[in-house]
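> need coordinates for the following:
(chains A and B)
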Protein chains: 2
Amino acid sequence: LKLTVAYDGTAYVGWQRQANGLSIQQLLEAACAPFTGDRASEVAGAGRTDAGVHAMGQVASVDVHSDLPVETLRRALNFRLPLDVRVRVVEDAPPDFHARFRATGKRYRYRIAAGAVLSPFDRRYVWHAPHARDVAAMRAAAAALVGTHDFSSFQSSGSEVADTIRTVRELEIRVEGEELVLEIEGDGFLRHMVRAIAGTLVDVAAGRTASSDMAAIRDARDRRAAGLTAPAAGLTLVEVTY
Amino acid sequence: LKLTVAYDGTAYVGWQRQANGLSIQQLLEAACAPFTGDRASEVAGAGRTDAGVHAMGQVASVDVHSDLPVETLRRALNFRLPLDVRVRVVEDAPPDFHARFRATGKRYRYRIAAGAVLSPFDRRYVWHAPHARDVAAMRAAAAALVGTHDFSSFQSSGSEVADTIRTVRELEIRVEGEELVLEIEGDGFLRHMVRAIAGTLVDVAAGRTASSDMAAIRDARDRRAAGLTAPAAGLTLVEVTY
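Below you'll find the predicted structure:
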């Protein structure tokens, strides 16, 4: 099955099973258990979102042994899940479907609250950065990140990934009221990459980094060249494409 | 001072001080304490929102003895408040200003999630009513509530208010994606009135009550004629006018 899943990540250690707390994967595996037969079946997610990161359109694959219609399965899974984790869609998938290995792209959104006062309704879903004011500079800097590049300057230090080349197909910055919304789409993302990009772009918007430095920061291939990793709360996995 | 206050009411017993838990009023009075001199000054709110009800534009009045600029006071108050209660604006007000007695109107919003699956991000702020489908009938029924009427059919039973006549100046029902948004503006509202109206309109949208019955329900002046009181979570005090 292909599951499209939304969650408020505030209360969780992230997508992946961890010893130190509840993960989304663990909850979904427990919810699927009655339908996966006698063996425990892994629920594979397209993106391993970190602790506190949200999803509107995470995609997961799981093998089930059930003749129930997909609508009934969706209701049964949601009945077995807490309200901050919802299966939005259940679909039949071909036997060789795997949510992670078959993904061709992901879209993330990073929300920045730039007003003086943080809305009590948004506090779990945004980064409050009232000093982020220069949107034009932010957009100019963002342009240097679109395309195929080595993004190791934006990879969490300590990661060991052989291939740090990724393609960012789109990086849009929208102004919605007092909010700045970064929307980024690409073939894949390194660990903490979107949050490191958000942190660096806020440095630009706050006047701490020049937008003209962005290409050099990118080409430094050194995590210390870029800005801090922005808080997890602002990040949402919006969509996975296949 | 005139304070414009936003809060996520999920964790609170409501606006008004209660023995059984934390109220918004109590938090604001504690935050204002350093500025109200040696006597404890009441923070008066325009609307006594119930437990779990939210506000984007609650208005409160308080006497302070301070020469600090209003911007500085706002920052100081927010520093002393939890993140789910925010003072959006602090303004100087004339000595005879009183948030409740001077209010000439209030606007409330009631959000109904009508999709099959409740979004994990909205769960604290909406009523999940997937059976609410007939928006045209809902709008026809709503028309019977606009104007000056005795609204005792929509007042929580056990209330003892001498005057149950109120004027609803506007009652709009918007469709926003899978959501139905009721927006209601009037000179004042009886206890639970907006929620009883929302509950009755959802009965109409679900086909349990005919829209043509709404005038008779209103004129019955009997709480039992109307539908159930809708959950507090869906309700937000949007604005108070003076």
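
> all contacts plus neighbour counts: C-alpha atoms, from now on.
Fine.

> quick check: next helix or strand after the longest helix that chain A contains?
If you go by DSSP state H, chain A has its longest helix at helix A:193-205. Proceeding N to C from helix A:193-205, the next assigned helix or strand is helix A:214-219, under DSSP states H and E.

> name the residues that touch the very next helix or strand once past that following helix?
Downstream of helix A:214-219, the first helix or strand assigned by DSSP H and E is strand A:235-241. Applying CA atoms under 8 Å, 6 or more residues apart in numbering or on different chains, the external contacts of strand A:235-241 come out as A:46, A:49, A:53-59, A:103-111, A:125-126, A:195.

> for chain A, what lies in contact range of chain B?
A:6-8, A:83-88, A:117-121, A:123 (CA under 8 Å from any CA of the partner chain).

> what's the closest of those to B:A33?
Nearest to B:A33 among those: A:V117, at 21.0 Å, using CA to CA.

> among the contacts of strand A:235-241, which ones are in strands?
A:54-59, A:105-111 (DSSP state E).

> farthest pair within the residues you listed?
Distance extremes for the ones in strands among the contacts of strand A:235-241: the farthest pair is A:V59 and A:R111 at 21.1 Å, using CA to CA.

> so between the two, which is more surrounded?
Counted by other CA atoms under 10 Å in any protein chain shown, A:V59 and A:R111 do not tie: A:V59 has more neighbours, with 27 against 23.

> neighbours of the nearest residue to that one once chain neighbours are set aside, how many?
Counting by CA to CA, 6 or more residues apart in numbering or on different chains, A:T4 is the residue found nearest to A:V59 once chain neighbours are left out, at 4.7 Å. Counted by other CA under 10 Å, the residues lying close to A:T4 total 21.

> and what of the one 4 residues further on?
Taking other CA under 10 Å as the criterion, the count of residues near A:D8 is 25.

> that one and B:S119 touch, don't they?
No: the pair A:D8 and B:S119 does not pass the contact test of CA atoms under 8 Å, sitting 9.1 Å apart.

> joint contacts of the two?
A:D84.

> coming back round to it: any of the ones in strands among the contacts of strand A:235-241 buried? List them.
With burial judged by 16 or more other CA atoms under 10 Å in any protein chain shown, the buried subset of the ones in strands among the contacts of strand A:235-241 is A:54-59, A:105-111.

> show me where pLDDT drops low in chain A?
A:38-40 (pLDDT under 70).

> which parts of it are helices?
Per DSSP H, chain A carries helices over the ranges A:24-32, A:70-79, A:135-143, A:193-205, A:214-219.

> flag every buried residue along the second one.
For helix A:70-79, the neighbour count (16+ other CA under 10 Å) marks A:70, A:73-78 as buried.

> distance between stretch A:107-118 and the chain's centre?
15 Å (CA atoms, centre = their mean, to the nearest Å).

> quick revisit: tabulate the helices of chain A (JSON lines), appending distance to B:I184.
What follows is those, written out as JSON lines (distance: least, CA to CA, whole Å):
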{"stretch": "helix A:24-32", "distance to B:I184": "39"}
{"stretch": "helix A:70-79", "distance to B:I184": "33"}
{"stretch": "helix A:135-143", "distance to B:I184": "36"}
{"stretch": "helix A:193-205", "distance to B:I184": "39"}
{"stretch": "helix A:214-219", "distance to B:I184": "49"}
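
> looking at these, which is buried most?
The highest average neighbour count among the helices of chain A, using mean count of other CA atoms under 10 Å in any protein chain shown, belongs to helix A:193-205 at a mean of 25.

> quick one: contacts of it?
With contact meaning CA under 8 Å, 6+ apart, helix A:193-205 is reached by A:108, A:110, A:129, A:131-135, A:137-138, A:141-142, A:151, A:154-156, A:182, A:184, A:209-211, A:226-232, A:235.

> ok, now stretch A:58-73?
A:1-6, A:32, A:35-37, A:41-47, A:90-92, A:97-100, A:237-240.

> excluding sequence neighbours, find me the nearest residue to A:A225.
When the adjacent residues along the chain are set aside, A:A225 lies closest to A:I217, with 5.4 Å between them (CA to CA, 6+ apart).

> what of A:P120?
B:D84 is the one closest to A:P120 (CA to CA, 6+ apart), at 4.5 Å.

> cool, A:L180 as well?
Closest to A:L180 by CA to CA, 6+ apart is A:I112, at 5.0 Å.
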